[in-house]
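Asks: requesting a structural model of the entry that follows:
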Amino acid sequence: MDSISRHEQLLRVFSLIDILFGARHPLTTAELKERLRARGVIDEMSDKNIRRDVDFLRNFGYAVNRTQRRSPRGTVCAAWSIEPGKGADELVAPAVTLAELLSLAVARELLAPLAGTCYWRGIGQLMAKIEKVATPELLAYAEAHKDGLVIHPKPAATKYRSRTLNAVNRAIRRSLELEIRYTSLADAKPRKTAIRPEALVVYDGAIYIAAYRVPKPTGSRRGATDDAIRFYKLDRVADARVTSRTFTRRAEPVEDLLGDSITIYRSAVKPRRYRIRIDASRARWAREKPFHPKQKVRSTADGAVILEIERAWDEELIPQLLGLGDSAEVLEPADIRERLATEAQRIVDRYAGRSGRLPATRGSRPA
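Replies: Now for the predicted structure:
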């Protein structure tokens with residue numbers, strides 16, 4: 001059995017443990033498959049594989065009993081249950097501390113973008129189990145102290161379709177090409193495209209599929225597709241279908257590809273070196289909120305800082321530089337200095353001729 005098949009079997013086995021311990025009566029093979037499908041663990045599998053997973057549990061000391069039940073059609077079939085005794089010790093409820101309970105509650109809020117996924121359901125089920133073993137006094141104390149930590153802004157709890165998520169996860173796990181109907185910002189309606197998914201990326205409160213487009217056949221009207229990785233926002237995926245076409249995963253992990261970016265921006269154009277001077281008034285901010293994860297900071301005599309970034313993309317940095325106004329000055333590349341000057345002149349032209357002052361605003365700034 002290869003590593004992927006072993007990984008999938010372990011996922012099924014741990015799900016079977018939870019299903020059987022939570023069942024009120026013995027479950028037939030068909031019922032076990034139905035509950036595994038409902039959890040997104042399987043799409044379809046044979047009765048033989050289910051029986052093999054049950055034998056796996058028995059071999060590792062779980063007291064799995066086989067009985068008989070009548071199916072809705074009246075036929076007699078095998079049914080399975082786990083009885084208290086040998087094997088039940090693994091699920092003895094542990095003691096829960098206040099710090100653990102509060103940490104889990106905060107983690108659940110941070111996982112809000114993953115609503116609808118197995119991760120969200122899993123932490124919800126874990127919370128329910130902990131609430132069963134925690135004392136009422138501990139729960140009341142945790143509730144009273146919940147306002148001690150504020151998460152702002154709270155991530156939006158987007159509800160993703162389980163069918164779509166299951167398809168994407170299965171395609172990533174098995175290295176299968178995925179056909180999606182996707183609506184980009186430039187499209188009015190979904191367009192069908194074939195991709196090779198590498199990973200799911202959680203960024204800025206949303207989930208993205210990190211994938212490469214499937215190359216077009218040689219001589220096709222549109223020609224071959226570029227080799228750049230792309231990020232498809234899951235909210236815009238209308239449908240996803242796993243194909244039987246396999247592909248070879250890229251040697252460089254997606255996490256490493258994002259090492260040259262503070263966002264999830266990628267470009268086929270090679271990144272280049274930047275040197276940026278930040279005035280003393282924003283120097284501390286520039287240190288605490290980096291422009292780039294690998295930036296080097298050098299202080300100057302007047303309190304300003306020089307940021308040295310070896311690999312950065314123009315389209316990612318320029319919006320941040322414009323947001324700093326005259327507090328930032330690009331020292332190199334030279335063409336970016338000219339581009340920013342042109343953009344600044346366009347802003348001046350837009351506001352030129354408008355009399356009157358902007359109204360004063362009052363608000364809070366970070367200390």
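Asks: so which residues of this structure form helices?
Replies: Taking DSSP state H to define them, one finds helices in the chain at 3-22, 29-38, 47-59, 98-110, 118-133, 136-144, 162-174, 254-257, 280-288, 314-323, 334-351.
Asks: list the buried residues in the last one.
Replies: So that's helix 334-351. 336, 340 (16 or more other Cβ atoms under 10 Å). To be clear about C-beta, it is placed using only N, CA and C from the backbone, and glycine gets the same treatment.
Asks: can you check the pLDDT for Glu44?
Replies: At Glu44, the model reports a pLDDT of 77.
Asks: what about it, distance to Thr117?
Replies: Noted for Glu44: a distance of 21 Å to Thr117, by Cβ to Cβ, to the nearest Å.
Asks: now do Thr28
Replies: Distance of Thr28 to Thr117, computed by Cβ to Cβ: 28 Å.
Asks: kindly report the same for Glu131.
Replies: For Glu131, the distance to Thr117 under the criterion Cβ to Cβ works out to 21 Å.
Asks: excluding chain neighbours, what is closest to Pro271?
Replies: Counting by Cβ to Cβ, 6 or more residues apart in numbering, Pro271 lies nearest to Arg311, which is 4.0 Å off, once chain neighbours are set aside.
Asks: contact partners for that neighbour?
Replies: With contact taken as Cβ atoms under 8 Å, 6 or more residues apart in numbering, Arg311 is in contact with 260, 271-273, 294.
Asks: near Arg196, how many other residues are there?
Replies: By other Cβ atoms under 10 Å, 22 other residues sit near Arg196.
Asks: then Pro271?
Replies: Quick note: Pro271 (other Cβ under 10 Å) scores 19 neighbours.
Asks: distance of it from Tyr119?
Replies: With distances taken as Cβ to Cβ, Pro271 is found 32 Å from Tyr119.
Asks: before we move on, what about Asp335?
Replies: Computed with Cβ to Cβ, the distance linking Asp335 and Tyr119 is 44 Å.
Asks: the closest residue to His25 other than its chain neighbours: how many residues sit nearby?
Replies: Distances taken as Cβ to Cβ, 6+ apart put Ser81 closest to His25, at 7.3 Å, once the chain neighbours are dropped. Residues lying near Ser81 (other Cβ under 10 Å) number 16.
Asks: so Ser81 makes contact with Phe21?
Replies: No: with contact defined as Cβ atoms under 8 Å, Ser81 and Phe21 do not form a contacting pair (9.4 Å).
Asks: can the helices of the chain go into a markdown table with extra columns for mean pLDDT and distance to Asn65?
Replies: Written out in a markdown table, the entries for the helices of the chain read as follows (pLDDT from 0 to 100; distance: least, Cβ to Cβ, whole Å):
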| stretch | mean pLDDT | distance to Asn65 |
| --- | --- | --- |
| helix 3-22 | 71 | 10 |
| helix 29-38 | 88 | 14 |
| helix 47-59 | 85 | 10 |
| helix 98-110 | 74 | 33 |
| helix 118-133 | 76 | 23 |
| helix 136-144 | 67 | 35 |
| helix 162-174 | 88 | 31 |
| helix 254-257 | 88 | 45 |
| helix 280-288 | 90 | 60 |
| helix 314-323 | 91 | 59 |
| helix 334-351 | 93 | 71 |
